[in-house]
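1. Sequence and predicted structure are below.
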Amino acid sequence: MFKHRNIYTDLESQKDNKKITILVGARQVGKTTIMRRLFEEFCKEHSGLFLDLDIYSNYEKVSTYEDCLNTLKLNGYQIKQNEPFFLFLDEFQRYDDVARVLKNIYDHHPNIKVYASGSSSLAINNQVQESLAGRKRTVKIYPLDFQEYLHFIDRDDLLEQTIKVAEFETTNLTRIMPEVFQELERFLVYGGYPEVALVPESEKKEVLSSIFDLYVKKDLVDFLQIERIKHAKSLIQQLAVNHGQETPYSELAKAAAVDEKTAKNYIEIFKETYLITVHPPFFTNRNKELVKTPKIYFLDNGVRNYFLNNFNACDIRGDSSFLFEGFIISELIKKGIDSESLKFWRTKNRQEVDVVLEQNGILCPVEIKYKNLLKSSDFKGLLKFHENYPQCRGLFLVNPNSNHLQDGSIKLLSPFELAELIR
């Protein structure tokens, strides 16, 4: 049974938009499932065709403009038909010439609506930069956010609690929503890949292993031509160890036994294949603020924990705060925040704020604390940032246990109220 994703409604609404809709995202996040559902819905009333281009014989059917047009005609398309014909191409980025074919389809057949998917924005950007300029709309598909996860595991009752949380007046959300927080801790450990969410806990690690094996075979080796795969995997493991921490590229390169330039190149590949997200420091004063070393997070905690081989519960591990911080970062990205606008702030005196959201010239500082009891010291970074940047839009602290206002100038948010940061 199809499980609804938040992005689905947006994709469905694009059926009347002539532009080619391109779905990008990591493997196994649900792109194919979403496209097949769209295909099934649209083709109840209209003609269409779905082709998986991982199958070479399917690629041959659309490898040239002429072959593509003939294939569409064999499947019900008529040049002068008034109603739309829907063409879905899964994994289209594997072949450079498909983008040129789609350009011709777009330019000469306004009654054909194309949806296409791919797993690497690097490859897609290279292919479509020229061929499809002005002819496409790109939509990023991520692993499940937490509320989608609750829906996937058939706990819509808990989903409703997270929606209503802003109405609660309490200093201890975990006490009145214990089952929500039990699932949140499970989500912090195993992440939000759809298949991982749907299998029993005893099988989650095996599923994560199969996802990574496919990532290596399809992206790192076959597609992106990384020959020194051993070094690339070592670098991924080092990034997992340093998840959410400032680590110089030189140290990462040394741990992976490659030069710094190669390490940066690999990190860019990991980023563009949706394994990680990279966040630089925010600064305006080079003499007082950090300006160089970024923080790097995995977009999915389950993948990160797979590389660590650590699936212990949050209450018995020393990196729970980093898991929670990475979770909040990924939730913001999944809710539509451009990852490029997410930075962090730290002075050379080690005053810091975990997230500085910078949009349209407006700053929004956010501190993230995974702890039961907040202290006055937890607010110092935010207050210092405000002292340096008084024009910022509010001060926010995200904490799982409380949604009460603790300080007149600081707004406390639960992890279920992040929409308040997006304006």
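-> Cool, got the structure.
2. quick one: buried residues of stretch 6-17?
-> For stretch 6-17, the neighbour count (16 or more other C-beta atoms under 10 Å) marks 7, 8, 11, 14 as buried. Backbone N, C-alpha and C define where each C-beta goes, glycine included.
3. contact partners of stretch 54-74?
-> Here stretch 54-74 makes contact (C-beta atoms under 8 Å, 6 or more residues apart in numbering) with 49, 51-53, 77, 85, 87, 89-91, 94-95, 97-98, 100-101, 104-105, 109, 112.
4. How far does that stretch stretch from one end to the other?
-> Stretch 54-74 has an end-to-end distance of 21 Å (criterion: C-alpha to C-alpha, to the nearest Å).
5. Quick one: mean pLDDT for that stretch?
-> Averaged across stretch 54-74, pLDDT comes to 96.
6. Can you list the low-confidence ranges for the protein?
-> Scanning the chain for pLDDT under 70 picks out 120-130, 170, 222-227, 402-408, 423.
7. Domain parsing of it, as residue ranges.
-> Domain assignment for the chain by automatic domain parsing gives 8-140, 146-421.
8. Could you pull up the contacting residues of residue 188?
-> Listed by C-beta under 8 Å, 6+ apart, the contact set of residue 188 reads 301, 314, 320, 323, 324, 327.
9. can you put the domains of the chain in TSV and add distance to residue 2?
-> Shown next, in TSV, are those (distance: least, C-beta to C-beta, whole Å):
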stretch	distance to residue 2
domain 8-140	5
domain 146-421	11
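10. Now residue 399: closest residue in space, sequence neighbours ignored.
-> Once flanking residues are discounted, residue 399 sits nearest to residue 369: 4.9 Å by C-beta to C-beta, 6 or more residues apart in numbering.
11. Show me what stretch 97-108 is in contact with.
-> Outside stretch 97-108, the residues that touch it by C-beta under 8 Å, 6+ apart are 18-20, 53, 59, 62-65, 68-69, 87, 89, 92, 112, 114, 116, 127-128, 131-132, 135.
12. try 10 Å this time
-> With C-beta atoms under 10 Å, 6 or more residues apart in numbering as the test, stretch 97-108 has contacts from 18-20, 22, 53, 59, 62-69, 72, 79, 87, 89, 91-93, 95, 112-114, 116, 118, 123-124, 126-136.
13. and the closest residue to residue 320 other than its chain neighbours, what are its phi and psi?
-> Distances taken as C-beta to C-beta, 6+ apart place residue 314 nearest to residue 320, at 4.3 Å, with adjacent residues excluded. For residue 314, the backbone dihedrals (degrees, to the nearest 10) come out as phi -60, psi -30.
14. Please name the residues that touch residue 314.
-> Neighbouring residues of residue 314 by C-beta under 10 Å, 6+ apart: 181, 184, 185, 186, 188, 189, 320, 321, 323, 324, 370.
15. Of the residues you listed, which pair is most distant in space?
-> Using C-beta to C-beta, the contacts of residue 314 span at most 17.3 Å, a distance reached by 186 and 321.
16. Go through stretch 239-257 and flag the buried ones.
-> By 16+ other C-beta under 10 Å, the buried positions in stretch 239-257 come out as 239, 240, 242, 243, 244, 247, 249, 252, 253, 255, 256.
17. Span of that stretch from start to end?
-> 14 Å.
18. repeat for stretch 344-360
-> Using C-alpha to C-alpha, the end-to-end distance of stretch 344-360 comes out at 17 Å.
19. Stretch 39-59 too?
-> Chord length of stretch 39-59, first to last residue, is 18 Å (C-alpha to C-alpha).
20. ok now that stretch, how far from the chain's centre?
-> 26 Å (C-alpha atoms, centre = their mean, to the nearest Å).
21. For residue 45, grab the count of nearby residues.
-> 8 (other C-beta atoms under 10 Å).
22. Does it touch residue 83 like I think?
-> Yes - Residue 45 lies in contact with residue 83 (C-beta atoms under 10 Å); the separation is 8.0 Å.
23. isn't there a helix covering residue 383?
-> Yes - counting by DSSP: H, G, I helix; E, B strand; the rest coil, residue 383 falls inside a helix.
24. List only buried entries from the contacts of residue 188.
-> Among those, those buried by neighbour count (16+ other C-beta under 10 Å) are 301, 314, 320, 323, 324, 327.
25. mind checking the SS state of residue 212?
-> Secondary structure state of residue 212, per three-state DSSP, is helix.
26. all numbers from here: first residue = 25
-> Shifting the count to begin at 25 puts that one at residue 236.
27. How about it: what's its closest non-neighbour residue?
-> Distance criterion C-beta to C-beta, 6+ apart; nearest residue to residue 236, sequence neighbours excluded, is residue 330 at 6.2 Å.
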